[in-house]
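[1] here's my sequence, what's the structure:
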Amino acid sequence: MNDAKLRDDEMTVDVPDRIDAGLLFIGVLRTPWREVADCPRQGDAEAGPSCRIEIAAPWPAALAGIGVGDAIDVLYWLGDARRDLVVQHPRGRSDLRGTFAIRSPHRPNPIGLSTVRVDGVEPAALVVHGLDCRDGTPLIDIKPRLRPTSGA
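    Numbers count the residues shown, from 1 in each chain. Purely as a prediction, here's the structure:
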């Protein structure tokens with residue numbers, strides 16, 4: 001499937017041809033990073049650089065209710081990632097882990113997730129800190145960050 005070289009002991013599987021669902025990209029993420037290798041390992045909602053979430057038509061009205069200071073979860077499509085890795089080395093480490101035990105972009109459904117802080121709201125965009133993806137990454141969804149519940 002992917003011609004990228006595997007590191008020692010990494011494992012792949014044959015990916016089914018079947019597509020179970022369709023996604024609508026609702027916008028695009030604008031970040032300072034042009035190459036995947038330049039992206040931070042995890043975004044930093046406090047100290048990371050300013051980034052933009054640009055919302056495509058007809059979706060801008062769906063931003064109603066999001067305000068400056070809100071924490072939101074941003075889901076995005078990592079289309080250049082491998083989809084066949086099931087055991088891999090986490091970036092910068094020598095140990096092996098199952099794909100579902102790490103936050104690698106290389107997974108069966110390469111969906112990225114970042115929690116970001118909203119610093120600005122525009123008619124069809126949000127200014128945020130905390131994204132960790134390449135410039136031009138397609139946006140899948142935005143959700144309000146769940147607040148922790150108190151234990152009973």
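
[2] where do the strands sit along the chain?
    In the chain, the strands defined using DSSP state E lie at 11-12, 27-30, 50-55, 71-77, 85-88, 97-98, 111-122, 125-129, 137-144.

[3] identify whichever of the ones you listed lies nearest to Ile19.
    Closest to Ile19 of the strands of the chain, according to C-beta to C-beta: strand 71-77, at 13.7 Å. To be clear about C-beta, it is placed using only N, CA and C from the backbone, and glycine gets the same treatment.

[4] looking at the strands of the chain, which is closest to Pro105?
    strand 111-122 (6.3 Å).

[5] what's the mean pLDDT across the closest one?
    If you average the pLDDT over strand 111-122, you get 94.

[6] list the helices and strands that strand packs on?
    Judged by 3 or more C-beta pairs under 8 Å, 6 or more residues apart in numbering; DSSP states H and E, the packing partners of strand 111-122 are strand 71-77, strand 125-129.

[7] about what we covered before: got the strands of the chain as JSON lines, with mean neighbour count and distance to Arg18 columns?
    As requested, the strands of the chain are exported to JSON lines (neighbours: other C-beta atoms under 10 Å; distance: least, C-beta to C-beta, whole Å):
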{"stretch": "strand 11-12", "mean neighbour count": "14", "distance to Arg18": "18"}
{"stretch": "strand 27-30", "mean neighbour count": "20", "distance to Arg18": "27"}
{"stretch": "strand 50-55", "mean neighbour count": "20", "distance to Arg18": "31"}
{"stretch": "strand 71-77", "mean neighbour count": "19", "distance to Arg18": "18"}
{"stretch": "strand 85-88", "mean neighbour count": "18", "distance to Arg18": "18"}
{"stretch": "strand 97-98", "mean neighbour count": "12", "distance to Arg18": "22"}
{"stretch": "strand 111-122", "mean neighbour count": "17", "distance to Arg18": "18"}
{"stretch": "strand 125-129", "mean neighbour count": "20", "distance to Arg18": "34"}
{"stretch": "strand 137-144", "mean neighbour count": "18", "distance to Arg18": "20"}
